[in-house]
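In: Need coordinates for the following:
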Amino acid sequence: MKMGPKGPEPDSSRQLSGHPENLKLSPPPKADGTWIWFGSATNTAYAGPWGISYAINLTPDKETGLGNWREEDFVQAIKTGKHAGVGRPIMPPMPWPAMSRLSEDDLRAMFRYLQTLPPIRNRAPDYQPPTGE
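Out: Numbering: from 1, shown residues only. Below you'll find the model as predicted:
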């Protein structure tokens, strides 16, 4: 976010670059049965029974984003719910189950669009599994 004329607004210069790597968050609130998940003020980090997940960098940066992914890696990630189609599970709130119903042509078009964005170097924090408390 950045300050705009009416208060905080999304920073479009960081579009789709994920949770800011230097933004450290306080621990999330405890779930009480009526609230079970929480989102950060930046809308880039989420906590719930699955642990803490962070929006990843979807720009074509080769070190911290999708720059080294192949189109097939992206399609398989969305179809299987696994990072790069073979890695760790993609955690909530990423709506991959709904997106997995898109055609492969649509997913390939999404990947090609993401590759047109300016690469932004931003290594989002790693997923944090639940602590068991």
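
In: Report the separation between the closest residue to residue 15 other than its chain neighbours and residue 105.
Out: Spatial nearest neighbour of residue 15, excluding adjacent residues (C-beta to C-beta, 6 or more residues apart in numbering): residue 117 at 6.7 Å. (Each C-beta comes from the backbone N, C-alpha and C, glycine too.) As judged by C-beta to C-beta, to the nearest Å, residue 117 and residue 105 stand 20 Å apart.

In: Among these two, which residue is more densely surrounded?
Out: Each of residue 117 and residue 105 has its neighbours counted (other C-beta atoms under 10 Å); residue 117 has more, 16 against 9.

In: ok, now which ones touch the more buried one?
Out: Contacts of residue 117 were listed using C-beta atoms under 8 Å, 6 or more residues apart in numbering, and they are 15-16, 58-60.

In: TSV please, covering the residues you listed and showing secondary structure.
Out: Shown next, in TSV, are the contacts of residue 117 (DSSP: H, G, I helix; E, B strand; the rest coil):
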residue	secondary structure
15	coil
16	coil
58	coil
59	coil
60	coil
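
In: Helices of this structure, residue ranges please.
Out: Under the criterion DSSP state H, the chain contains helices at 71-80, 96-99, 104-114.

In: Show me which of those helices has the highest average neighbour count.
Out: Using mean count of other C-beta atoms under 10 Å, the stretch among the helices of the chain with the largest mean neighbour count is helix 71-80, at a mean of 18.

In: Pretty sure residue 48 sits against residue 129.
Out: No. Residue 48 is not in contact with residue 129 according to C-beta atoms under 8 Å; the separation is 11.7 Å.

In: quick one: residue 75 and residue 110 touch, right?
Out: No. In this structure, residue 75 is not within contact of residue 110 by C-beta under 8 Å, at 9.1 Å.

In: Quick one: the strands in the protein, in order.
Out: 2-4, 7-9, 38-39, 45-48, 51-54 (DSSP state E).

In: and of these, who's closest to residue 83?
Out: Residue 83 lies closest to strand 51-54 among the strands of the chain, at 11.4 Å (C-beta to C-beta).

In: No further questions, thank you.
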